[in-house]
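**Student:** Quick one, fold the following:
(chains A and B)
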Amino acid sequence: MSSVSLPESKVTGEIVEDPRTRTTLVRGGLDFAGVTETICRSIEGKTPIGWYIAFGISLLMLGVMVASIGYLFWVGTGIWGLNMPVAWGWAIVNFVWWVGIGHAGTLISAILFLFRQKWRTGINRFAEAMTIFAVICALVFPTIHVGRVWLIWFALPIPNWELIWPNFRSPLLWDVFAVSTYFTVSLLFWYTGLIPDLATLRDRAKGKIAKLGYGIFALGWRGSNRHWINYEKAYLILAGISTPLVLSVHSIVSFDFAVSVVPGWHTTIFPPYFVAGAVFSGFAMVLTLAIIARKIYKMENLITIDHFDNMNKIMLVTGMMVGYAYAMEFFIAWYSASPYEGFIFLARAKGQYAWAYWIMITCNVLVPQVFWFRSLRRNIPVMFVASILINVGMWFERFVIVATSLSQDYLPANWGYFRPTLFDVSTYIGTMGLFFTFFLLFLRFLPMVAIAEVKGVMPEADPHHKPAEVK
Amino acid sequence: MSSMDITDRIRVPAGAWGGKISRLFMVAVVALVLCAVGFVVDREQFYFSWLTAMVFGVSISVASLFFVMLHHLTRASWSTVIRRIAEALMSPLPLLVLFFLPVILGNHDLYHWTHHDAVEHDAILKHKAPYLNVTFWVIRAAVYFLIWTLMTRYFYSNSVKQDQSADPNTTVTMQRRSAPGMILFALTITFMGFDWLMSLDPHWFSTIFGVYIFAGSALACFGTLTLAALALRRGGYLETVIRDDHIRDLGRLMFAFSVFWAYIAFSQFFLIWYGNIPEETLYYIHRFEGSWKYLTFGLAIGHFIVPFMILMSQWSKRRPALIGFMAVWVLVMHYLDLYWMVMPTHHKEGIHFSWIDLVCLVAVCTILVALFVRKLSQNPLVPVGDPRLPESLRLHNDY
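**Tutor:** Sure, this is the predicted structure:
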């Protein structure tokens, strides 16, 4: 048995992102105490004036939502642009869009955890919070779109007075199960991760109410070994449960369309294609929010440009997956030789909704191509604009799917054109108010970066770490 | 990063495996002779058996290229000690083009759309003729093999070059190239699936088919890599380099991809079943006819439920012997999956295993393994100059 010495590495020329080392995730020479300080400052310090302005605007938008929904309940769904043949308009588009946005949170917290991607700790907390708020916004739409909202309990598997059960063969019912399971598990996952941080806040709290409030939710966390062992087991199990949920939720959302025999909807690639699109738009939303929050709360040492670089890579990958799905749909629409499929895909590109289709292609396929370049992946104005455009594009993707296929179905005599009304717009804008109200409250009262988890990926957390190495 | 020492054997002594390789080639020759006998006895059966076996071999090799590019793209370090095995497994691809020649010869027996008279009287096939015609089909296959050849050459030669130079910039460049490489991989494996398998039933179509082929191939590739890694350890190589932690990660990938395969397979089946349009359901109706339904259900159990149950627990992933058994298992399942895709075209009435299936499989596998092992013996068994090798050697999994 011979011993082999590995050759000494010799660098030729310049080297970018040296593969011999891994970049540190926490910058600015922060130690454990520094991390706690940086994160808690946003809760314990003075609330920036910008927060109050943003919160005021959000509340105003929330008011718009409440008013729109109130009027909807009073008058009925006729206030929306719904009419034959497009009887499924913005409500379903907004539902899919919001659920999709939630997906990044679970991907970051669960799947990247299982892949041992340590960089996720910088962004997972507020991405998970975003998941929960986005799912709440999403749930608004199916609830209010039923017309007789007082009968929404029909969607639950409770037999009514005639012993009629809900239709278990309807994907809309599966949505109820899928999204509510997803919401429950996401909430549990988020809360489990929060417990050590809530204890930190409890221990630091100066006011009585804050101490009590954080104390109740910290569940008596003392940071003992036994606590940590249970915590890590729970975290791993929840990550394991969340991972299939990420895939199942949007797959089932895609079934809403794909189980039908409507051209443009019925295609087998829909489940993975919807999941990829969901992660794509979710990452774009995380990025939009992270760029702003990081700047205002001075989190540059915890959410570094390398985090953004990685997120942009994931957006490029998922954007390419979405592009692959568009291409496959188009190819198979031709290859299938089905005149209906072929017609609907040509109608998308050249028909009455061509404007929406090309917005979708531009935002979802062309815009992410900027992320091929390292300099643009690390350019904050570029990624900020791109992240917003991607979410615009993903909204239009769902709109194109819904509107094109419904507006020109098998009977040409039925054809029509969907026009939204003011109430379509106001309800949609209103849910953004709901989302931002929750999100701003979260920023104000909870640690937006996972304190304990960030510490866990710092070099000091390694039992073999030698303090001398700290610069 | 200072240099580290590896005390294991990481290099195969010159000629040490020569005997094994020539024995493999001998078996291959015998199998090929039997294939020729099969060709004479039952030409059609031979072509279908050969197609199944050929796709089995090629798909594993192509998926291995995917593994290498994924490794670079994600800047992974856990897989650095396994990468050379994957590189050797992908390197026979240029030669595997020879496996495709019998398929070209047999195109008339395999593919209904090659029959001019049939196309003339079939509006659907006429519509597809610009894509489904023999000339374009051969050109496309040539393009796939050309792309695979260029990519495998590139990644293999640079990896070996780095053994000497130990230049971290080689890694940086390979990382950069693997991104466009991934796009080429996605397109080639998709259209390979369309051309070689989906067009066996030229009326049938499924947009997810490319993803389906990818999922099964990647799973089979992870199985092969696991077996190779375990075999090397048993043979006294890389005993402390590839540790149980690495094997456990391979087990995790097998677990993940058997679930992913099930997800894709279920999506395809379920949407077609629910939509219930004759032009789509016909594919599954054939696969529920006669004894085919046992294989259909068997795949659901064997390709998904069994690996899911066994590979889920930490307990089983800590047992390399069990992981090795599951690696064999997923390979068998991948073959059966391909068999399930190909054979109902030929034997509509039910499963009809033939000795020709076996000799074709043995011929393809022995040739692939012989080429793989020969390549493996030519260079160090780990990329010694890789800047992330020390990190890979230190791999420790908490979960």
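**Student:** In the stretch 251-399 of chain B, what residue spans correspond to helices?
**Tutor:** For the stretch 251-399 of chain B, applying DSSP state H, counting those that start in this stretch gives helices covering B:278-287, B:292-299, B:306-312, B:314-317, B:320-342, B:355-378, B:389-393.
**Student:** if you skip the residues just before and after it, what's nearest to B:Phe257?
**Tutor:** Spatial nearest neighbour of B:Phe257, chain neighbours left out: B:Leu219 (4.1 Å); criterion: CB to CB, 6 or more residues apart in numbering or on different chains. For the C-beta atoms, the positions are set from N, CA and C on the backbone; glycine is no exception.
**Student:** Tell me how many other residues surround the one you found.
**Tutor:** Counted with other CB atoms under 10 Å in any protein chain shown, the neighbours of B:Leu219 add up to 29.
**Student:** The residue nearest to B:His112 when sequence neighbours are not counted in helix, strand or coil?
**Tutor:** Excluding the flanking residues, the one nearest B:His112 by CB to CB, 6+ apart is B:Pro202, at 5.5 Å. Put simply, B:Pro202 is coil when judged by DSSP: H, G, I helix; E, B strand; the rest coil.
**Student:** count of residues packed around B:Pro202?
**Tutor:** 21.
**Student:** show me the contacts for the residue nearest to A:Glu44 when sequence neighbours are not counted.
**Tutor:** Nearest in space to A:Glu44, with sequence neighbours left out and distances taken as CB to CB, 6+ apart, is A:Arg204 at 6.8 Å. Going by CB atoms under 8 Å, 6 or more residues apart in numbering or on different chains, A:Arg204 touches A:36, A:40, A:44.
**Student:** Now A:Arg204. Its backbone dihedrals?
**Tutor:** Torsion angles at A:Arg204 (phi, psi; degrees, to the nearest 10) stand at phi -90, psi -10.
**Student:** got the residues of the stretch 101-250 of chain A near chain B?
**Tutor:** Residues of the stretch 101-250 of chain A found near chain B (CB under 8 Å from any CB of the partner chain) are A:114, A:116, A:236, A:244, A:247.
**Student:** Can you go through those and name the buried ones?
**Tutor:** Those of these that meet the buried threshold are A:236, A:247, by 16 or more other CB atoms under 10 Å in any protein chain shown.
**Student:** Pull the most distant pair out of the residues of the stretch 101-250 of chain A next to chain B.
**Tutor:** A:Arg116 and A:Leu247 (19.5 Å; CB to CB).
**Student:** So which bits of the stretch 301-450 of chain A are right by chain B?
**Tutor:** Going by CB under 8 Å from any CB, the residues of the stretch 301-450 of chain A near chain B are A:320, A:324-325, A:328-329, A:332, A:335-338, A:372.
**Student:** let's go with 6 Å and repeat that
**Tutor:** Contact residues (CB under 6 Å from any CB of the partner chain) of the stretch 301-450 of chain A with chain B: A:328-329, A:332, A:335-337.
**Student:** Pull the most distant pair out of the residues you listed.
**Tutor:** Of all the pairs that those form, the one spanning the most space (CB to CB) is A:Met328 and A:Ala337, at 15.8 Å.
**Student:** Where does pLDDT dip in the stretch 1-150 of chain A?
**Tutor:** A:1-3 (pLDDT under 70).
**Student:** With the stretch 201-350 of chain A instead?
**Tutor:** Within the stretch 201-350 of chain A, no stretch has pLDDT under 70.
**Student:** Now with 90, please.
**Tutor:** Applying pLDDT under 90 to the stretch 201-350 of chain A flags the ranges A:246, A:296-301.
**Student:** Check the separation of the first and last residues in stretch B:272-279.
**Tutor:** 10 Å (CA to CA, to the nearest Å).
**Student:** Buried ones in it, by neighbour count?
**Tutor:** Buried residues in stretch B:272-279, counted by 16+ other CB under 10 Å: B:272, B:275.
**Student:** Which stretches in the stretch 1-150 of chain A count as strands?
**Tutor:** A:4-5 (DSSP state E, counting those that start in this stretch).
**Student:** hmm, back to that, JSON lines for the helices of the stretch 251-399 of chain B, including mean pLDDT and distance to chain A?
**Tutor:** Formatted as JSON lines, those follow (pLDDT from 0 to 100; distance: least, CB to the nearest CB, whole Å):
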{"stretch": "helix B:278-287", "mean pLDDT": "93", "distance to chain A": "7"}
{"stretch": "helix B:292-299", "mean pLDDT": "95", "distance to chain A": "17"}
{"stretch": "helix B:306-312", "mean pLDDT": "95", "distance to chain A": "9"}
{"stretch": "helix B:314-317", "mean pLDDT": "89", "distance to chain A": "10"}
{"stretch": "helix B:320-342", "mean pLDDT": "96", "distance to chain A": "15"}
{"stretch": "helix B:355-378", "mean pLDDT": "95", "distance to chain A": "16"}
{"stretch": "helix B:389-393", "mean pLDDT": "89", "distance to chain A": "6"}
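**Student:** would you list those helices in JSON lines and tack on distance to A:Phe283?
**Tutor:** Compiled in JSON lines, those are given as follows (distance: least, CB to CB, whole Å):
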{"stretch": "helix B:278-287", "distance to A:Phe283": "33"}
{"stretch": "helix B:292-299", "distance to A:Phe283": "34"}
{"stretch": "helix B:306-312", "distance to A:Phe283": "28"}
{"stretch": "helix B:314-317", "distance to A:Phe283": "30"}
{"stretch": "helix B:320-342", "distance to A:Phe283": "31"}
{"stretch": "helix B:355-378", "distance to A:Phe283": "38"}
{"stretch": "helix B:389-393", "distance to A:Phe283": "27"}
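**Student:** What separation do you get for the residue lying closest to A:Val457 once chain neighbours are set aside and B:Leu73?
**Tutor:** In this structure, A:Val457 finds its nearest non-sequential neighbour in A:Lys118, 4.1 Å apart by CB to CB, 6+ apart. Note on A:Lys118: its distance to B:Leu73, by CB to CB, to the nearest Å, is 18 Å.
**Student:** now swap in B:Ala229 and tell me
**Tutor:** Relative to B:Leu73, and taking CB to CB, B:Ala229 is found at 21 Å.
**Student:** B:Phe185 too?
**Tutor:** Separation of B:Phe185 from B:Leu73 (CB to CB): 11 Å.
**Student:** do A:Leu446 as well
**Tutor:** Applying CB to CB to A:Leu446 and B:Leu73 gives a distance of 35 Å.
**Student:** center of chain B, which residue is that?
**Tutor:** The structure's chain B has its C-alpha centroid closest to B:Ile60; by CA atoms, centre = their mean the separation is 1.5 Å.
**Student:** check which helix or strand covers that one.
**Tutor:** Counting by DSSP states H and E, the element that carries B:Ile60 is helix B:43-73.
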